Structures are given as C-alpha cells and as structure tokens.
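**Q** whatever this is, show me its structure:
(one chain, ligands or ions: 2)
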Amino acid sequence: MTRTYRIAPSLLSADFARLGEEVRAVIDAGADMVHVDVMDNHYVPNLTVGPLVCAAIRSHASVPIDVHLMVKPVDRIVPDFAAAGASFISFHPEASEHIDRTIGVIHEHGCRAGLVFNPATPLDWLMHTIDKLDLVLIMSVNPGFGGQKFIPHALDKLRAARKLIDVASARTGREILLEIDGGVKIDNIGEVAAAGADTFVAGSAIFGAADYRATITAMRAALAEAGGPA
Ligand code: DX5
Ligand code: ZN
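**A** Ligands and ions are numbered 1, 2, ... in the order given. Next up is the predicted model:
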C-alpha cells in the first residue's frame, strides 16, 4: 500500500528566541509542514503562542502551517489564525460547544479543519463529523507539554481511525489526513505508520537533536521500511 507521508516538526521544542531561523532550518532539513501548538492555560495547563507568532513565522514557512488549538473556547480565535496564515486548524471536541459550527467556521475562513482526540476521547465524535473533516489528529500523549512518552494504546486508536477514514474516503473521494502527535521518535515512527498514520508530529525528537536533517532523514528511512514512499 502506498501512502504519502508528511513530517510535521512541532515548534514547541524549538528555540523561541530564534523562531524564524528554526522554521527555515527545519524546512531546509525536509519538513513537510510546521506544527504550531497553541495552549491557553485553561483547556491545557500551559501557555504558548497566539496568532501574532503564527503571522510572524508565516514569511519563513514555505510549507503549510498546521495549527493545533488547545484552547477553549475555539471559534473566536479561528479567524485570527486563518488571517495569520494557518493552512490547517485543528481543535479538541471537548473545547467546542458546537463542533459542527466550529468546523464550518474553519472552512469559511479558507482553512482545512481537523478534530483532535485525546488519549481517553472516543472516536465516536467522528460519527457525524468525518465527512466535513480534512484531518483527524490522534494524541499519543495528554496535551500540554512536549517531551512526553508515547502512550501505546494510541496505536489501536490509529488502526480504528484508519478504517473509518478509508471507508469515508472511498465513499466521498475526499482526502482526510491521519495525524499522530506526541512521543514520536525515530525508533517508533515505523510502527506508528504501520498502524495507519500518514502525518507525524515530532517536537523533541527533531528540535532536541543537533542535526535536524539527520533526524528527518532517519524518520523517512523508517517510514520507507514501514511500507510507503518516504
Ligand atoms: C503536546 C503537543 C505536541 C508536542 C509534541 O500537547 O500537542 O505537538 O509538541 O512534542 P513531542 O514530539 O516532544 O512529544
Ligand atoms: Zn500538537
């Protein structure tokens, strides 16, 4: 089975004092997207960056910007991230009072919409949303911090999500990415791909290593071994 794989370094582990440079370096090293973690110290116990920073990195990013919102409420801030250059905007169902409306707001502002599943959040939320989604993001850590350990049961969830996505895509012809976020490293990315993921967020594994290109190249080699084109 051939699948296009995308590697999305999470800027959470980048050097925030040199963010533009870090974005350029990681793209030069082979990143397919850049993942921006937005935390509000309310929905998750950490505070990161808002639309201003997204707009600031935009001119440095020649690849899509993948915004992961860990904020509550969601809708008010969506247009700001769209204006700041986001390509994908993903949110957690627990953080939105009206999930269908939030997906609509993201689309109305010209972005692709993703729904994010925490480790204990059931995939049931896909039942009435999948035909509107462009991305499904499975969390393999509890959201809020980089550098946590991959939770193995995320693999079962990936397999289940893969089946649902394949059925939906076969029926509608729409592309839906299946992204994994948390604890992805060179030594487990192959297993994660075999479970069905096609888009891989990695923060500490990439920015924590001295040579970004070597890390991304090793990840691609592991992906090629797992079965698809790297
Ligand atoms: C966690 C964030 C992740 C995080 C991943 O809440 O959503 O994107 O940066 O970091 P690593 O790859 O270090 O687990
Ligand atoms: Zn994230």
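
**Q** chain center to stretch 122-140, what's the gap?
**A** Mean-position distance between stretch 122-140 and its chain equals 13 Å (CA atoms, centre = their mean, to the nearest Å).

**Q** report the mean confidence score over that stretch.
**A** Mean per-residue pLDDT for stretch 122-140: 98.

**Q** what about stretch 53-61, average pLDDT?
**A** pLDDT averaged over stretch 53-61 gives 98.

**Q** how about the residues of this protein near ligand 1?
**A** 10, 12-13, 35, 37, 68, 141, 143-144, 146-148, 181-184, 201-205 (CB under 6 Å from any ligand atom). For the C-beta atoms, the positions are set from N, CA and C on the backbone; glycine is no exception.

**Q** for the residue sitting furthest away from the middle of the chain, helix, strand, or coil?
**A** Largest separation from the mean C-alpha position in the chain: Arg171, at 24.3 Å (CA atoms, centre = their mean). With DSSP: H, G, I helix; E, B strand; the rest coil as the basis, Arg171 sits in helix.

**Q** what's the neighbour count on Met127?
**A** 9 (other CB atoms under 10 Å).

**Q** could you do Glu21 as well?
**A** Glu21, neighbours per other CB under 10 Å, totals 12.

**Q** same question, Gly227
**A** Gly227 has 13 nearby residues by other CB under 10 Å.

**Q** correct me if wrong: it contacts Ala197.
**A** No - Gly227 is beyond contact range of Ala197, at 11.9 Å (criterion: CB atoms under 8 Å).
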